[in-house]
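Novice: Quick one, what's the 3D model for this:
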Amino acid sequence: MHKVFLSTILFVLFLGNTLIGQVEVQWLTWEQALEKNQNVKKKFLVDIYTDWCGWCKKMDTRTFKKDNIAQYINENYYAIRFDAEERSDIIFNNKIYKYVAGFGKKGYHELAQEIMNGRMSYPTVVFIDESLNVIQPIPGFQSPSTFQIIMSYFAGNHYMSTPWHKYEKSYAPGQIYDKPEMQPASLIAKP
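Specialist: Presented below is the predicted three-dimensional model:
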């Protein structure tokens, strides 16, 4: 009897430990995200990567796999993983974007080039508003703590009234926030 009870307890503990850390970003295709945005308006977070990019893989495993990051993205954005070398056509904002072949090298997708403002650097996360206007591309690997601040800056519309350097200073360096609660009025610069 004790062995069955102990086995059951160990199984429950094992199962509980494997389920912890299981929040994942709900990645969508462009088509899925645009369709969802017709019914419920949200901003878009576009992770632009390539298969050969080592820093893209690190961002995926070190940043996007964090529970608090994944949960925040899922609650506040339509998340799109976009291979900058995607070969299929994509319709975005009533325009068709295509793959452009390179000369003996890999090519690129026109949509990646446009939303990255022509700066083809990987990884890049592009923030797009509910009306499909690019807010800003953020190039390079971002640690979880930095990325949490960046995400909340755009999700909370703080970028509209508060300069980044003031917003960033309002956070303690290196601290990861599960749910940043900041009042926009406390961030706006006083004349």
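Novice: drop to CA atoms for contacts and neighbour counts, all remaining ones
Specialist: Noted.
Novice: Which secondary structure state is assigned to Gln38?
Specialist: helix (DSSP: H, G, I helix; E, B strand; the rest coil).
Novice: contacting residues for it?
Specialist: By CA atoms under 8 Å, 6 or more residues apart in numbering, the contact set of Gln38 is empty.
Novice: For Tyr99, see how far away it is.
Specialist: 26 Å (CA to CA, to the nearest Å).
Novice: tell me the mean pLDDT for stretch 162-176?
Specialist: Stretch 162-176 shows a mean pLDDT of 71.
Novice: Next: stretch 100-107.
Specialist: Stretch 100-107 comes out at a mean pLDDT of 80.
Novice: can you give me the offset of it from its chain's centre?
Specialist: 27 Å (CA atoms, centre = their mean, to the nearest Å).
Novice: which residues does Arg81 bridge with?
Specialist: Asp47 (DSSP bridges).
Novice: Counting neighbours, what do you get for it?
Specialist: A count of neighbours around Arg81, defined by other CA atoms under 10 Å, yields 17.
Novice: With the one 3 residues further on instead?
Specialist: Ala84 has 24 neighbouring residues, counting by other CA under 10 Å.
Novice: pretty sure it is touching Ile115, no?
Specialist: No - assessed by CA atoms under 8 Å, Ala84 is found out of contact with Ile115, at 10.7 Å.
Novice: wait, Thr124 sits on Pro139?
Specialist: Yes - with contact defined as CA under 8 Å, Thr124 counts as touching Pro139 (4.1 Å).
Novice: And the two? Which one has more around it.
Specialist: When Thr124 is set against Pro139 and neighbours are counted by other CA under 10 Å, the residue ahead is Thr124, at 25 against 17.
Novice: Return the distance of the more buried one relative to Val23.
Specialist: Taking CA to CA as the criterion, Thr124 is separated from Val23 by 22 Å.
Novice: in which helix or strand would I find the residue at minimal distance from the centre of the chain?
Specialist: In the chain, the residue lying closest to the centroid (CA atoms, centre = their mean) is Leu45, at 4.7 Å. If you go by DSSP states H and E, Leu45 is part of strand 43-49.
Novice: mind listing what's buried in whatever helix or strand comes next after that strand?
Specialist: Sequence-wise, the next helix or strand downstream of strand 43-49 (DSSP H and E) is helix 54-58. Neighbour-count burial for helix 54-58 flags Trp55, Cys56, Lys57, Lys58 (criterion: 16 or more other CA atoms under 10 Å).
Novice: Do you know the pLDDT at the first one?
Specialist: pLDDT, Trp55: 97.
Novice: isn't Tyr159 right next to Met151, touching?
Specialist: No - the criterion here is CA under 8 Å, and Tyr159 misses it with Met151 at 10.6 Å.
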